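Chemist: the sequence and its predicted three-dimensional model are supplied below.
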Amino acid sequence: MSISLAVPASPATSLSLAAQMETAVAQDPPETDYPLGVADKVRIIVFDEPSLSGEFTVNANGALSLPLIGDVRAVGQTATEVATVIRRHLMDGYVLQPRVSIDILTFRPFYILGEVNKPGEYPYSSGLTIDGAVATAQGYTYRADKRKVFIKHAGAAQSVKARIAPDLKVRPGDTIRVGERYL
């Protein structure tokens, strides 16, 4: 997964690498560009073909196992891209002019650990923010640093420090670590 930064092109504006990384964490990609991942559940509808339609989960191999056409790679692709691949497979001798749509039913979970009252795995919901994630984990402990968190996005090699803000978004598959404050 790549991170793109929208930084104003002004000679007076110079952001340090750390500030750019914090800005990148706060940006939430539109859900139409959401890359599917393991444990995402989708509803696939093939118009006028109820036996080919249904609810499917992206398996541990990163694929959707579908009737007739078998496994279709889904990890890292958007729902639109997967629908196009399914359509091509179905056109290959199975269905004339297939119309395929995909809805994401449930996203992969997010994880929160560190100085929260109930660390663990929780279901992701669209538009989730850090404040919502902490509330899901029953709030901060008395030792928590309520100014910053460390976020590791699914597939990333390392976590990124981010200042807590009302618009700081959580993505499916993220691991959030709330650190301990120092006096």
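Modeler: All right, it came through fine. Numbering: from 1, shown residues only.
Chemist: please name the nearest non-neighbouring residue to the residue nearest the centre of the chain.
Modeler: Centroid-nearest residue in the chain, with Cα atoms, centre = their mean: Pro172, separated by 3.1 Å. Nearest residue to Pro172, sequence neighbours excluded (Cβ to Cβ, 6 or more residues apart in numbering): Phe107, at 3.8 Å. From N, CA and C alone the C-beta is placed, and that goes for glycine too.
Chemist: list the contacts for that neighbour?
Modeler: If you count contacts by Cβ atoms under 8 Å, 6 or more residues apart in numbering, Phe107 has them with 34, 40, 123-126, 172.
Chemist: return the set of buried residues in the lengthiest helix in the chain.
Modeler: Identified as the longest helix of the chain according to DSSP state H is helix 79-91. Residues of helix 79-91 classed as buried by neighbour count (16 or more other Cβ atoms under 10 Å): 79, 82-83, 85-87, 89-90.
Chemist: tell me the buried residues in the next helix-or-strand element following that helix?
Modeler: Per DSSP states H and E, the first helix or strand lying C-terminal to helix 79-91 is strand 100-106. The neighbour-count check on strand 100-106 (16+ other Cβ under 10 Å) flags 100, 102, 104 as buried.
Chemist: just checking: what are the partner strands of the lengthiest strand in the chain?
Modeler: In the chain, ranked by residue count with DSSP state E as the criterion, the top strand is strand 144-152. For strand 144-152, the paired strands and their directions (DSSP bridges) are strand 160-163 (antiparallel), strand 175-180 (antiparallel).
Chemist: average pLDDT for that strand?
Modeler: For strand 144-152, mean pLDDT is 95.
Chemist: can you list contacts of that strand?
Modeler: Contacts for strand 144-152 (Cβ under 8 Å, 6+ apart): 25, 114-116, 130, 140, 158-164, 168, 170, 174-182.
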